[in-house]
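# Below is the sequence, then the predicted model.
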Amino acid sequence: MTPPLELAQRMEVSYFCEFGHQLTHMFAADVEPPSTWDCPRCGRVSHQGRAQPTPTRTTPRKTHWEMVCERRTTRELATMLKSRLKTLRASVSS
């Protein structure tokens, strides 16, 4: 009867990408694991040992309408709309 095989000592290393994806790999205990690994979900570089990934954006993105409203008043927008509609109607009728 053959003796049971003894497995090499292993260690588990976790990697985190900037989008918060976590991946875990097993390595032999006597090797130095790489400090970075490509994230299989998004393709970005993942770093080991970061339990809390740094957020890339803290505020939600503004819509186009919100940005327009920051630059123009409702009255200005109404005037611009009337002017543009007048121009478009003139080009269609000619």
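Structure received.

# neighbouring contacts of the lengthiest helix in the chain?
For the chain, the longest helix by residue count, based on DSSP state H, is helix 74-93. With CB atoms under 8 Å, 6 or more residues apart in numbering as the test, helix 74-93 has contacts from 68, 72. Where C-beta positions appear, they are placed from N, C-alpha and C, glycine not excepted.

# Tell me how this structure divides into domains.
10-48, 64-93 (automatic domain parsing).

# picking up where we left off before, show the average pLDDT along the longest helix of the chain.
The pLDDT scores in helix 74-93 average 93.

# follow-up on the earlier one: please work out which of the domains of the chain is packed deepest.
Of all the domains of the chain, domain 10-48 has the most neighbours on average by mean count of other CB atoms under 10 Å, namely a mean of 13.

# picking up where we left off before, please put the alpha-carbon coordinates of the longest helix of the chain into CSV.
Extracted C-alpha coordinates of helix 74-93, given in CSV (Å, rounded to 0.1, in the frame of the first residue of the first chain):
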residue,chain,number,x,y,z
THR,A,74,-35.7,78.7,-17.8
ARG,A,75,-36.5,81.9,-19.5
GLU,A,76,-33.2,81.8,-21.5
LEU,A,77,-34.0,78.2,-22.5
ALA,A,78,-37.5,79.1,-23.7
THR,A,79,-36.1,81.9,-25.8
MET,A,80,-33.5,79.7,-27.3
LEU,A,81,-36.1,77.0,-28.1
LYS,A,82,-38.4,79.5,-29.8
SER,A,83,-35.5,80.8,-31.9
ARG,A,84,-34.4,77.4,-32.9
LEU,A,85,-37.9,76.2,-33.8
LYS,A,86,-38.4,79.4,-35.9
THR,A,87,-35.1,78.6,-37.8
LEU,A,88,-36.1,75.0,-38.3
ARG,A,89,-39.6,75.8,-39.5
ALA,A,90,-38.2,78.4,-42.0
SER,A,91,-35.7,75.9,-43.4
VAL,A,92,-38.5,73.3,-43.9
SER,A,93,-40.9,75.7,-45.6
